[in-house]
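[1] Would you be able to build a 3D model of this:
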Amino acid sequence: MNNPKPVHAPMLQFPVQGGELCVGGIALGRLAARAGGTPFYAYDRALIAARVAELRALLPPMIQLHYAIKANPMPALLGFMAGLVDGFDMASAGELKLALDTGMAAANIGFAGPGKRASELRQAVAAGVLVNAESARDIQLLAQAGKAGGWPARLALRINPNFDLKSSGMKMGGGAGPFGIDEEQVEALLAQVAQPGLAFEGFHIYAGSQNLRGDALADCLRAAYALACRLAPMAPAPLASINLGGGFGIPYFPGEEPLDLAPIESALKDIAANARQRFGEIKLILELGRYLVGEAGVYVTRIIDRKVSRGQVFLVTDGGLNHHLAASGNFGQVLRKNYPLAIGNRMGAPAAAAPVSVVGPLCTPLDLLGDNVLLPHAEPGDLVVVYQSGAYGASASPQAFLGHPPVTELLV
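    Residues are numbered from 1 along each chain as shown. Below you'll find the model as predicted:
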């Protein structure tokens, strides 16, 4: 007997009315008209708020929730997030402007990432955000900026730990890498932090991302906290904050299941209790991006041609990898897998007998949104929906490629 093929986790976050998917309470066809046509992204603010509320109910009060802007920097979405989370984490001067424009207090914004330009560091110091130094160079440039401007540079050390995040989609610790200061080098660099122009505040430890194993994430959070505790006695000032990282994943591909939060909840409660006793008033920061917004977004593109080539059906759409690089498999996938897809105006219709391939309008075979997928029979004019598209979509895609129009984004 053949083993059944794995299927996608059910995509039940969006209701269906009259055979049409609804986002933000609006049927897809009407939403397309409101957008002025296709392709477009739509992000459901109610789903984002519900996800944040779910986490708030689990997290100890002293755990602060930060949103990583790189996941989705749409200005309207950031403005909405500013009222839900405790802070932002940004990775460039451009994201710094976006963060400050929302009204988020500079005291609650962190700046991470390798290769920070000297001009960006000066901007960050002037703004008063916390800069996570990733090298000795960062420390020296921050000290210079602090002394030159007369504003002490708020500084944390980002650490590249000896451990990694097991089963992580993208590892950012445990080996050689551009992110952070190797754990074994931190003690020596802490001596450099005690110099004029710098105001040391704590540590930032981020070991990986897109993880669907609650036990692995719990172990990583405990290890990050333990590392910060070991280094704290060597620091030039009492710790004011520890960024424990994040890495919470969402199910994209067949066979993947949603993240179990129970082990994470237990770990964070233990960490918070110990931190309260050991450090008193301290910020414990959980940094999340895709977990907060990824499942609340869809990418919608219209079929413009139904083509048969040597027996294979191709649904050719008006958008593709130029708008959604990740769904095409060209944003970090080693072996290409399909994102969950639907025909958004034929919800509930039975799947056709034969699979189809969904391709975009670009002149490259890489422009593939769905490879041999079972979907209801679809014709030109129908709307293809790509689920799990609220993070790493429009801003992570080569929208100028081949000169097609940019994608519209809606927060509904």
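[2] which SS state does Leu21 fall under?
    strand (DSSP: H, G, I helix; E, B strand; the rest coil).
[3] Name the residues linked to it by a beta bridge.
    Counting by DSSP bridges, Leu21 is bridged to Val16.
[4] Model confidence for it, exactly?
    Listed pLDDT for Leu21 reads 98.
[5] Please report how far it lies from Ala42.
    From Leu21 across to Ala42, the span is 10 Å (C-beta to C-beta, to the nearest Å). Every residue, glycine included, has its C-beta placed from N, CA and C.
[6] Next: Ala127.
    Distance from Ala127 to Ala42, by C-beta to C-beta: 32 Å.
[7] Which one's more surrounded, these two?
    Ala42 (27 against 18; other C-beta atoms under 10 Å).
[8] Quick one: distance of the strand or helix carrying that one to the chain centre.
    Per DSSP states H and E, Ala42 falls inside strand 40-43. A distance of 16 Å separates the centroid of the chain from that of strand 40-43, by C-alpha atoms, centre = their mean, to the nearest Å.
[9] packing partners for that strand?
    helix 28-35, strand 297-309, strand 408-411 (3 or more C-beta pairs under 8 Å, 6 or more residues apart in numbering; DSSP states H and E).
[10] okay, these in CSV with mean pLDDT, mean neighbour count and distance to Leu335 next?
    Listed next are the helices and strands packed on strand 40-43 as CSV, based on pLDDT from 0 to 100; neighbours: other C-beta atoms under 10 Å; distance: least, C-beta to C-beta, whole Å:
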stretch, mean pLDDT, mean neighbour count, distance to Leu335
helix 28-35, 97, 18, 31
strand 297-309, 98, 19, 22
strand 408-411, 98, 20, 29
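[11] For Gly29, give me its contacts.
    By C-beta atoms under 8 Å, 6 or more residues apart in numbering, the contact set of Gly29 is 20, 345, 383.
[12] One more: Gly103?
    Gly103 neighbours (C-beta under 8 Å, 6+ apart): Ala82.
[13] quick one: it from Leu84, how far?
    13 Å.
[14] Any idea how many residues pack against the residue nearest to Ala232 when sequence neighbours are not counted?
    In space, Ala232 comes closest to Leu239 once its chain neighbours are excluded; the distance is 5.3 Å by C-beta to C-beta, 6 or more residues apart in numbering. The local packing of Leu239 (other C-beta under 10 Å) involves 21 other residues.
[15] Kindly report the same for the one 3 residues further on.
    By the measure other C-beta under 10 Å, the count of residues near Ile242 is 26.
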